[in-house]
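Colleague: got a predicted model here, sequence first, then my questions.
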Amino acid sequence: MILFAAAFAPELDSLQIPEPQRDTFETLTCGVGGIYASLTLQERILKQNKNPVEEVIFIGSCGSYKRKSEDMQIAMSHHFTNVEYASIQKLSKIPDLYSYAITTEQGSFSKYLSSHITTVNGITNSTGSISLIEWPADCIADFENMEAFFLAACCNRHKIPFSSFMPVTNTVCKQGSEQWLKNFIIYSSLFNKEISSLITDWK
């Protein structure tokens, strides 16, 4: 089973899976925030009465630390971090034993998807809350999303390929939430429809 995950329903609502493909593809609304999202995903992975999850593709939305373009872009990641702004500013410390950076394996549908759509590749950072301040230009990551790192960690624990493909809805800044609110439904709908057409042609 190839699982499309998103934090909440509007990021998945326009994704259409044709009847013949429903034994291959499934959607999951995993919840907002890393802890809730990873627990929901793990619960689905461990369900014995459903087809085993063979690949997870996260199609939430993200902000960009370095965004220049006003056009819709799709951020693709297989590298994820969990770093807070306070640690960048030396106001807090990441414990030495904490693995705050991980890399995931790319699955077959992710490879198919990335060969058919234009993406901006980079590192996605997950924070515990939405950043309302610009990060330093040389910060460790390119994109910000609250769930991606934790979903990636869950998949790595279960040896399941994981990729994120997310519309870039805003720049990470004080006005970021306003930009996100303006763009995320439109961008998610457009991207969902693009994925839906590729699902129809898959295998």
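Modeller: Structure received.
Colleague: now stretch 17-36: mean pLDDT?
Modeller: In this model, stretch 17-36 has an average pLDDT of 92.
Colleague: how about that stretch: buried residues?
Modeller: Ile17, Gln21, Thr24, Phe25, Glu26, Thr27, Leu28, Thr29, Cys30, Gly31, Gly33, Gly34 (16 or more other C-beta atoms under 10 Å). In short, each C-beta sits where N, CA and C put it, glycine included.
Colleague: in helices only, show me those residues.
Modeller: Assigned to helices by DSSP state H, the following of those qualify: Gly34.
Colleague: turn the buried residues of stretch 17-36 into JSON lines, columns for distance to Thr103.
Modeller: Shown next, in JSON lines, are the buried residues of stretch 17-36 (distance: C-beta to C-beta, whole Å):
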{"residue": "Ile17", "distance to Thr103": "28"}
{"residue": "Gln21", "distance to Thr103": "29"}
{"residue": "Thr24", "distance to Thr103": "26"}
{"residue": "Phe25", "distance to Thr103": "25"}
{"residue": "Glu26", "distance to Thr103": "25"}
{"residue": "Thr27", "distance to Thr103": "25"}
{"residue": "Leu28", "distance to Thr103": "22"}
{"residue": "Thr29", "distance to Thr103": "26"}
{"residue": "Cys30", "distance to Thr103": "21"}
{"residue": "Gly31", "distance to Thr103": "24"}
{"residue": "Gly33", "distance to Thr103": "22"}
{"residue": "Gly34", "distance to Thr103": "17"}
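Colleague: going by distance to Ile59, which of the buried residues of stretch 17-36 wins?
Modeller: Set against Ile59, the nearest of these by C-beta to C-beta is Thr27 (9.1 Å).
Colleague: was I right to think the closest one contacts Ile2?
Modeller: No. Thr27 is not in contact with Ile2 according to C-beta atoms under 8 Å; the separation is 10.2 Å.
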